[in-house]
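**Q** sequence and predicted structure are below.
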Amino acid sequence: MPTMNTQVLFRAAPAGMPTQDCFDIVETPLPRPDDGQFLVENLYLSLDPYMRMLMGGGWMFRGGGLTPGQIMVGRTIGRVTKTQNENFAEGDLIVGGLGWQTHAVSDGGNIDFRITPRDNVPLSAYLGACGNSGTTAWFGLKLIGAPKPGETVLVSAAAGSVGSVVGQLAKVWGCRAIGIAGGDEKCAVVTGEFGFDACCNYKADDLAGQIAAVAPNGVDVYFDNVGGEMLDGILPLLNNYARVPVCGVLSQYNADGDWQGVRNTRLIFDKRLRLQGFLQSDFADRGDVARAELANLVGSGKLRVRETVAEGLANAPSAFIDMLNGANMGKQLVKLR
Ligand code: NAP
């Protein structure tokens, strides 16, 4: 039984892209659960773009961000190793907001859901395709994008955790799926491994022309993970009554006050577009339904899981920076145990 807990603390806000100096790695005594609490050994840590917003130095998350010295916020998969809580037994596998640390004490309030392991679904997938990324894709596409069979769904950051699930769900639900990703290598994975119909490289010339060539009937749903200029350039390609679930703004997270707006607002009127921002938590009451479908799809091989996995908590800061720079394919995780 370990006696120490390793933690990554937030040290200081970055200017632009985070650096190693923004983090401190410390060792503290292993916490002990009091009455009503349990101790969790974390197995995997999820790294997500929203953490950049919490670090401030530009665009601060609504409701405030991290304060220096605070444990970096994040979701983990963990195993209960000691318990004084009748609702959580030793050995239970959970997903919760337990932070960038190897161990945590919880009273259950920050636990999202319990994992029931099943065949053909890797445990780590409960932070990706069968976890928060998957439900974000499912909620945004199904409840806001509302695609009909035969329609064309376009998604940005398509080689990433949320985007890869969006396109695969679009295919399962009878649509044509087109991805946008940063590079030919990523595009090859988006079509070859995730089974999208086409993928456009936004780092090459003329993204709008590339999309128009593979979407001759226009775009009915644009699942927007990027915002900014990319959204602006895609508006002319949308069909009348197209839906735009606005899931995130990757182009903006490191931009210190460098806001990029949508210029073609007239198109929103002309085409009667519906743009709706959303948070995964807005639809938390449907989490069980979404996770069940996602786990069934992964278990039956219809939803491919791809992960980029860093080893050990000490490598979490560099893996996080690499993810923001686009080095990840699929879900970015850190294996802690
Ligand atoms: P991800 O796509 O797995 O990883 C981030 C990817 O973003 C990178 O691999 C990179 O891919 C791309 N990227 C970085 N900077 C970019 C830029 N300036 N322009 C275009 N692409 C850029 O991350 P994820 O966890 O799946 O998150 C995807 C989006 O969903 C993010 O906006 C995130 O904030 C959002 N999200 C929202 C919710 C919600 O509740 N609304 C929940 C989860 C995630 P390339 O190499 O292709 O550039």
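**A** Everything's here; your move.

**Q** could you use CA atoms for every contact and neighbour count after this?
**A** OK.

**Q** helix or strand: which one has the most centrally placed residue in the chain?
**A** In the chain, the residue lying closest to the centroid (C-alpha atoms, centre = their mean) is Ser133, at 4.3 Å. Here Ser133, judged by DSSP states H and E, is contained in helix 132-138.

**Q** is the ligand contacted by that helix?
**A** Yes. Remark: helix 132-138 sits within contact range of the ligand at Ser133, Thr136, by C-alpha under 6 Å from any ligand atom.

**Q** so how far is that helix off the chain centroid?
**A** 7 Å (C-alpha atoms, centre = their mean, to the nearest Å).

**Q** on that earlier part again, per-residue pLDDT, the nearest residue to the residue nearest to the centre of the chain once chain neighbours are set aside?
**A** Spatial nearest neighbour of Ser133, excluding adjacent residues (C-alpha to C-alpha, 6 or more residues apart in numbering): Val162 at 4.8 Å. Predicted confidence (pLDDT) for Val162: 98.

**Q** can you confirm Val162 is in a strand?
**A** No. Secondary structure of Val162 (DSSP: H, G, I helix; E, B strand; the rest coil): helix, not part of a strand.

**Q** what residues does it make contact with?
**A** By C-alpha atoms under 8 Å, 6 or more residues apart in numbering, the residues touching Val162 are Gly128, Ala129, Ser133, Gly134, Thr136, Ala137.

**Q** could you redo the last one with a cut-off of 7 Å?
**A** By C-alpha atoms under 7 Å, 6 or more residues apart in numbering, the residues touching Val162 are Ser133, Gly134, Thr136, Ala137.

**Q** same deal with Gly182?
**A** Asn201, Tyr202, Lys203.

**Q** looks like the second one contacts Asp184 (just checking).
**A** Right, Tyr202. No. In this structure, Tyr202 is not within contact of Asp184 by C-alpha atoms under 7 Å, at 9.5 Å.

**Q** of those two, which one has the most company?
**A** For Tyr202 versus Asp184, neighbours defined as other C-alpha atoms under 10 Å are more numerous around Tyr202 (21 against 15).

**Q** leaving out sequence neighbours, find the closest residue to the more buried one.
**A** That would be Gly182: by C-alpha to C-alpha, 6+ apart, it lies 5.6 Å from Tyr202.

**Q** what about stretch 235-250 and the ligand, any contact?
**A** Yes. On the criterion C-alpha under 6 Å from any ligand atom, stretch 235-250 is in touch with the ligand at Cys247, Gly248, Val249, Leu250.

**Q** no, scratch that, I was asking about stretch 86-103
**A** No. Using C-alpha under 6 Å from any ligand atom, stretch 86-103 stays clear of the ligand, with a minimum separation of 13.7 Å.

**Q** how far away is the residue nearest to the centre of the chain from Leu294?
**A** Noted for Ser133: a distance of 10 Å to Leu294, by C-alpha to C-alpha, to the nearest Å.

**Q** how about Ile77?
**A** 17 Å.

**Q** and these two? Which one has more around it.
**A** Ile77 (28 against 24).

**Q** confirm that the more buried one sits in a strand.
**A** Yes. Assessed with three-state DSSP, Ile77 lies in a strand.

**Q** check contacts around it.
**A** Going by C-alpha under 7 Å, 6+ apart, the list of residues near Ile77 reads Asn42, Leu43, Tyr44, Leu45, Ile94, Val95, Gly96.

**Q** same check on Val298?
**A** Val298 touches Val121, Arg304, counting by C-alpha under 7 Å, 6+ apart.

**Q** same question, Leu43
**A** Ile77, Gly78, Lys335, Leu336, Arg337 are the contacts of Leu43 under C-alpha under 7 Å, 6+ apart.

**Q** can you give me the end-to-end distance of stretch 297-305?
**A** First-to-last residue span, stretch 297-305, C-alpha to C-alpha: 10 Å.

**Q** actually, stretch 299-311.
**A** Where stretch 299-311 begins and where it ends lie 25 Å apart, using C-alpha to C-alpha.

**Q** list the buried residues for that stretch?
**A** Gly299, Lys302, Leu303, Arg304, Val305, Arg306, Glu307, Thr308, Val309, Ala310 (16 or more other C-alpha atoms under 10 Å).

**Q** what is the mean pLDDT for that stretch?
**A** Here the average pLDDT along stretch 299-311 is 98.

**Q** near the ligand at all, that stretch?
**A** No. Residues of stretch 299-311 are not located near the ligand by C-alpha under 6 Å from any ligand atom, the shortest gap being 9.1 Å.

**Q** which residues touch that stretch?
**A** 119-121, 129, 168, 194, 297-298, 319, 328-336.

**Q** what's the spacing between the residue nearest to Tyr202 and the ligand?
**A** 4 Å (C-alpha to the nearest ligand atom, to the nearest Å).
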